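Trainee: Got a sequence here, can you model it:
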Amino acid sequence: MSTRPRTPGPATPAPGKLALPELLELKRRGEKIVMVTAYDAPGARLADAAGIDLILVGDTAAMVVLGHESTLPVTIDEMIFMTRTVARAATRPLIIGDMPFGTYEASDEDAVHSAVRFVKEGGADVVKLEGAGPSLSRVRAIAGAGIGVMGHVGLTPQSATVLGGFKAQGRTADQAHRLYEDALALEAAGCFAVVLEAVPAPVAARITEALRVPTIGIGAGADCDGQVLVYHDLLGLYEGRAPRFVKRYANLADAIRGALEGYAADVREGRFPEEQHTYSIPDEELAEFESSLTEQLQR
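Mentor: Okay, here's the model as predicted:
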């Protein structure tokens, strides 16, 4: 009978840092895990202060931060830069570096090299990659190098074209069974958790029940062990069309636009800056300065 590999992860997590065994314990106790994306230091600090458990520096940054139409164009250097800014600002949450398209598909060696860069250069605690199939070998290789791996099945944005677009997965019996087997295979390969994206809630519930490691849902129902939303979606910062599974907890885009419009109007109409926004100089120093200018102009 085969045995499942030990869940990998950093050997010596920083003091106060959420450790991978704690995620397993949260699942065992039935306590929900909270995950959010973040791409910069201010976002990471706020997520940390709010008690978020996991921060994913997601390749969704390609769309919500960098202005691309999909996640595909973002580079590993861009992702590592953003991961490093997040890792500097957050202390307790586990920082997950999202491996972008083209950094792990070719070989196990490429996958390990990319994962090591995320940890050494980006300060990530662990990494995430999409899919099963060929990705199983990548998971085993990265985990074998001592780096924790989060899996991701269902709607996998990096392969959305192959999947027929950004739509729910697992809506037929065959597809649901394939997702179920893929999730089990990712766990067996060494993943410490599996993201289930755009998966019918009953299918996600059965997968969650079957796995020993936590599931993190995004559009996969309330029975997953945790939930993740994109930072800009939940705050109402991203003005593109939001998926149906997004709940907006604020509408900051309107507030920010209003603030910028107010600032622009104040500057153009001379209302800003006011006296309280400026710095003073002692009268005697100002007089000396003015006198020196007069002398300079008279030369």
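Trainee: Okay, and Glu295 sits in which element?
Mentor: Element membership of Glu295 [criterion: DSSP states H and E] is helix 283-298.
Trainee: Ok, Asp48 next?
Mentor: Going by DSSP H and E, Asp48 is part of helix 41-49.
Trainee: With Met79 instead?
Mentor: With DSSP H and E as the test, Met79 turns up in helix 76-89.
Trainee: Give the next helix or strand downstream of that helix.
Mentor: strand 94-98.
Trainee: now what about that next one, what contacts it?
Mentor: By CB atoms under 8 Å, 6 or more residues apart in numbering, the list of residues contacting strand 94-98 from outside reads 17-20, 23, 53-59, 79-80, 83, 86-87, 115, 118-119, 122-128, 150. Where you see a C-beta, it was placed from the backbone N, CA and C, and this is true even at glycine.
Trainee: Toward the C-terminus, what is the element adjacent to the helix or strand bottoming out on mean pLDDT in the chain?
Mentor: Lowest mean confidence among the helices and strands of the chain (mean pLDDT, DSSP states H and E): helix 160-163, at a mean of 50. Downstream of helix 160-163, the next assigned helix or strand under DSSP H and E is helix 173-189.
Trainee: what about that next one, distance to the chain center?
Mentor: How far helix 173-189 lies from its chain's middle: 24 Å, per CA atoms, centre = their mean, to the nearest Å.
Trainee: show me where pLDDT drops low in this protein?
Mentor: Applying pLDDT under 70 to the chain picks out residues 1-15, 159-166, 240.
Trainee: biggest strand in it by residues?
Mentor: Secondary structure of the chain per DSSP state E: the longest strand is strand 148-154.
Trainee: Put the alpha carbons of that strand into CSV.
Mentor: Written as CSV, here are the backbone C-alpha positions of strand 148-154 (Å, rounded to 0.1, in the frame of the first residue of the first chain):
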residue,chain,number,x,y,z
GLY,A,148,5.7,23.7,-0.1
VAL,A,149,3.3,23.6,-3.1
MET,A,150,-0.3,24.7,-3.3
GLY,A,151,-2.2,23.0,-6.1
HIS,A,152,-5.0,24.5,-8.2
VAL,A,153,-7.7,22.7,-10.2
GLY,A,154,-11.0,23.6,-11.8
